[in-house]
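Asker: Give me a model of this one.
(2 chains)
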2 protein chains.
Amino acid sequence: MKKIKVNLDKKVSNSYEICVGYDIMDRIGLIIAKNHPAFRYIIVTDSNVSALHGEGLLEKLKGMGLKADMIEFPAGEASKNISTALGIVEKMLKIGADRKSTLLALGGGVVGDITGLIASLYMRSLPYIQIPTTLMAQVDSSIGGKTAVDLPEGKNLLGTFHQPRGVFVDLKFLETLSEAEFNNGLMEVIKYGIIEDAGFFHFLEEHMDRIRKRQSDALERIVENSCRIKKGIVEIDEKDEGLRRVLNFGHTIGHAVEAASEYRMSHGEAVALGMVAAVRISERLHDLPAEDRVRIERLIKSAGLSGHIPKTITLEKILSRLKMDKKKDGSTIHFVLLRKIGMPFINGGVPEMVLHDVMEELRR
Amino acid sequence: MKKIKVNLDKKVSNSYEICVGYDIMDRIGLIIAKNHPAFRYIIVTDSNVSALHGEGLLEKLKGMGLKADMIEFPAGEASKNISTALGIVEKMLKIGADRKSTLLALGGGVVGDITGLIASLYMRSLPYIQIPTTLMAQVDSSIGGKTAVDLPEGKNLLGTFHQPRGVFVDLKFLETLSEAEFNNGLMEVIKYGIIEDAGFFHFLEEHMDRIRKRQSDALERIVENSCRIKKGIVEIDEKDEGLRRVLNFGHTIGHAVEAASEYRMSHGEAVALGMVAAVRISERLHDLPAEDRVRIERLIKSAGLSGHIPKTITLEKILSRLKMDKKKDGSTIHFVLLRKIGMPFINGGVPEMVLHDVMEELRR
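Answerer: Take a look at the predicted model:
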């Protein structure tokens, strides 16, 4: 037997910039033409964002003399599947997209995830740029290169790590968000405070009122700070092999309940109750101070979310969903728990009885 | 506007070994258990290979006390699509595959490409190992991490670069190949001689008879040499951004004719005629010596392939397929042409008249 070594140890450069501000869309044409040259740009967006912001972006690109097209698909998590992705790919082939084309993901998390996935797969990968329009996408899903579609068996079961070439976070987009959509993102912001930054958590406690009124300086502060926390974690653990798992705080149970509700529940509500559940488990198993639990539950309530599991969803359904979670390792499910605010850790296994009890408490 | 840099410049290690020999499958269980530990192994194979070699491999893995399963799909290029991939994914979910599972791609190019693609996508990527059973897969498709499925619009339009953790090339597999299947691989071997190694080309001229009789020392030499050439090119250009394009010698026109024939033509026949076409274009446009053209055409014939385009396929159909080729850059199609044996180069544009004339010559 002969051995031939294929030497593929090398330096790769996947670095990029996140631009945060209130005035980005005004000069987006110029910035893209200058910093992200391509033969052709294709905006991928959904039916909601298309009318609100898509046409405007398309005009701006064309106004710079760039070749630009727009592809839209029906808004909503239900679109986050392979058949939507294939529909977009078909349109790209018709337009004549090739490896010198760049995709622009204009929209929320679904648009970003699906566009990123297409960018990794189309002709074995294209560059793409994130232009997140929801708070959730701005502070979380647009950063870090996780792409995915859902399968009937669970969320994000097919995906890649494919970093964008840039992220443009225009805070003006936040003005037109519904309260439910705003809250989806707010839960991720609160999560960053809980897992990473007790000072930021305190800021959120003090200023929740101004944040919910969407005052510009408050939004600037929370978005910028959240982006910094997220990017710091992604830098250390790009491929979700260790530290990055703490970002799943509140999401393991949250995703399971969301799926068990057949996605009738908002992501924000799901993460809120997932965080409350994680905090209560942490208090029972790991001596999280009661005071920290109370502060977290109070902050989530002050953000307008209940943290409850609807009575209509059975525990059995949630538990069977939990067992499909892709973060499990062999047969153990990893939960992100908390020692105190700002200090999370990964727990290899929570006794089913504790899980049961806590979730029963949260059902209203 | 604030800028936050996400620093993702880093060293990555995608290196791996290709093992070539006549005795690998006898100890494959031991090698995998020792060098590629996983919680679970899933053999992905097709309906032809499953009975011939799949059951045996499954037994060997289980005999080592490893957790192992096998998933098969219908043999043939027609299976190389998203719906086959989704069927395999569904079975993996049922089996309980997670991120600690390793896939074993046992089969030809279709099995390797589709398994590699699933390995890049399933829960945002799993490790996989290539165990190529055809000559084509052994000398070409199993090395270099290109994964793909076809779309109705063309071959390999969706795919990734995802390097395997190892490639096990057992030459015994070659004994059971049909002549057509053997010739598919032989065309890639000849291609390596043409584009990279005039000495190897000469060896093929001298020993074609013994190669076609599949004598073990001749096979050992051509497979090992081909693997070395392929790995050398992949090392320099992992992501197909430059040098690696020379591997497409004969494939641009070959793929177009293959598609125009609705895949009724074998890949070997398609590459053979693609190489003959490329050689004739090279002679007309770039003074490739007539002697080199004659030697190449003679070697292809001595390998049992005609190098002709079936009369039933119209030039219009081939040309429209050519324009869909994903290696085009903007609106120009890049052809790999030849200055002399061992010296290829990329040509930015071949006049359509020359293309027409050469293809008309080859229609019989």
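Asker: For the closest residue to A:Ala97 other than its chain neighbours, give me its contacts.
Answerer: Excluding the flanking residues, the one nearest A:Ala97 by Cβ to Cβ, 6 or more residues apart in numbering or on different chains is A:Ile42, at 5.9 Å. The C-beta positions use only the backbone N, C-alpha and C, and glycine is treated the same way. Counting by Cβ atoms under 8 Å, 6 or more residues apart in numbering or on different chains, A:Ile42 touches A:68-71, A:92, A:95, A:97, A:101-104.
Asker: cool, A:Phe335 as well?
Answerer: Counted by Cβ under 8 Å, 6+ apart, A:Phe335 has contacts A:252-253, A:278, A:281, A:346-347, A:350.
Asker: residue contacts, the residue nearest to the spatial centre of chain A?
Answerer: Residue closest to the average C-alpha location in chain A (Cα atoms, centre = their mean): A:Ser141, at 2.7 Å. Neighbouring residues of A:Ser141 by Cβ under 8 Å, 6+ apart: A:108-109, A:112-113, A:132.
Asker: cutoff 6 Å now
Answerer: Applying Cβ atoms under 6 Å, 6 or more residues apart in numbering or on different chains to A:Ser141 gives the contacts A:109, A:112.
Asker: ditto for A:Val169
Answerer: A:20, A:138.
Asker: Parallel or antiparallel, list what pairs with the strand or helix carrying it.
Answerer: Assigned by DSSP states H and E, A:Val169 falls within strand A:166-170. Strand A:166-170 sits in its sheet next to strand A:16-21 (parallel), strand A:128-132 (parallel), going by DSSP bridges.
Asker: just these: most buried one?
Answerer: For the strands paired with strand A:166-170, the largest average neighbour count (mean count of other Cβ atoms under 10 Å in any protein chain shown) is found in strand A:128-132, namely a mean of 28.
Asker: Residues in contact with it: which ones?
Answerer: A:103-106, A:112, A:115, A:119, A:138, A:142, A:164-168.
Asker: Among those, which ones are in helices?
Answerer: Among those, the residues falling in helices (DSSP state H) are A:112, A:115, A:119.
Asker: Run through chain A and note the low-pLDDT ranges.
Answerer: A:324-332 (pLDDT under 70).
Asker: Near chain B, which residues of it are found?
Answerer: Residues of chain A that fall close to chain B, judged by Cβ under 6 Å from any Cβ of the partner chain: A:1-9, A:11-21, A:39, A:93, A:98, A:100, A:121, A:123-124, A:153, A:158-159, A:224, A:227, A:231, A:235, A:238, A:326, A:328, A:330.
Asker: Got the phi and psi for the residue of the stretch 51-200 of chain A found nearest chain B?
Answerer: Nearest residue of the stretch 51-200 of chain A to chain B, counting by Cβ to the nearest Cβ: A:Met123, 4.2 Å away. Backbone geometry at A:Met123, expressed as degrees, to the nearest 10, gives phi 50, psi 40.
Asker: Against B:Val169, how distant is it?
Answerer: 28 Å (Cβ to Cβ, to the nearest Å).
Asker: Could you do A:Leu158 as well?
Answerer: A:Leu158 sits 30 Å away from B:Val169, going by Cβ to Cβ.
Asker: can you give me the helices in chain A?
Answerer: With DSSP H as the criterion, chain A has helices spanning A:28-35, A:47-49, A:55-63, A:82-95, A:109-121, A:135-136, A:179-196, A:198-212, A:216-236, A:251-260, A:267-286, A:290-302, A:315-322, A:352-362.
Asker: and the first one, what does it pack onto?
Answerer: Helix A:28-35 makes packing contacts with helix A:55-63 when contacts are defined by 3 or more Cβ pairs under 6 Å, 6 or more residues apart in numbering or on different chains; DSSP states H and E.
Asker: Not counting the helix it packs on itself, show me its contacts.
Answerer: Residues from elsewhere that reach helix A:55-63, judged by Cβ under 6 Å, 6+ apart: A:28-29, A:41, A:43, A:68, A:70.
Asker: Taking strand A:128-132 as reference, get the angle to it.
Answerer: Per axes from the mean of the first three to the mean of the last three Cα atoms, to 10 degrees, the angle that helix A:55-63 makes with strand A:128-132 is 140 degrees.
Asker: quick check: angle from helix A:55-63 to helix A:28-35?
Answerer: 50 degrees.
Asker: how far is helix A:55-63 from where the chain is centred?
Answerer: Distance of helix A:55-63 from the chain centroid (Cα atoms, centre = their mean, to the nearest Å) equals 26 Å.
Asker: then that helix to CSV, C-alphas only?
Answerer: Below are the C-alpha coordinates for helix A:55-63, written out as CSV (Å, rounded to 0.1, in the frame of the first residue of the first chain):
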residue,chain,number,x,y,z
GLU,A,55,-36.9,48.3,-5.3
GLY,A,56,-35.0,51.2,-3.8
LEU,A,57,-31.8,49.1,-3.5
LEU,A,58,-32.2,47.9,-7.1
GLU,A,59,-32.5,51.4,-8.3
LYS,A,60,-29.5,52.5,-6.4
LEU,A,61,-27.3,49.7,-7.8
LYS,A,62,-28.5,50.4,-11.4
GLY,A,63,-28.0,54.1,-10.8
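Asker: So which bits of that helix are buried?
Answerer: A:57-58, A:60-61 (16 or more other Cβ atoms under 10 Å in any protein chain shown).
Asker: Need the residues you listed in TSV (columns: distance to B:Phe182).
Answerer: Below are the buried residues of helix A:55-63 laid out as TSV (distance: Cβ to Cβ, whole Å):
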residue	distance to B:Phe182
A:Leu57	54
A:Leu58	53
A:Lys60	57
A:Leu61	52
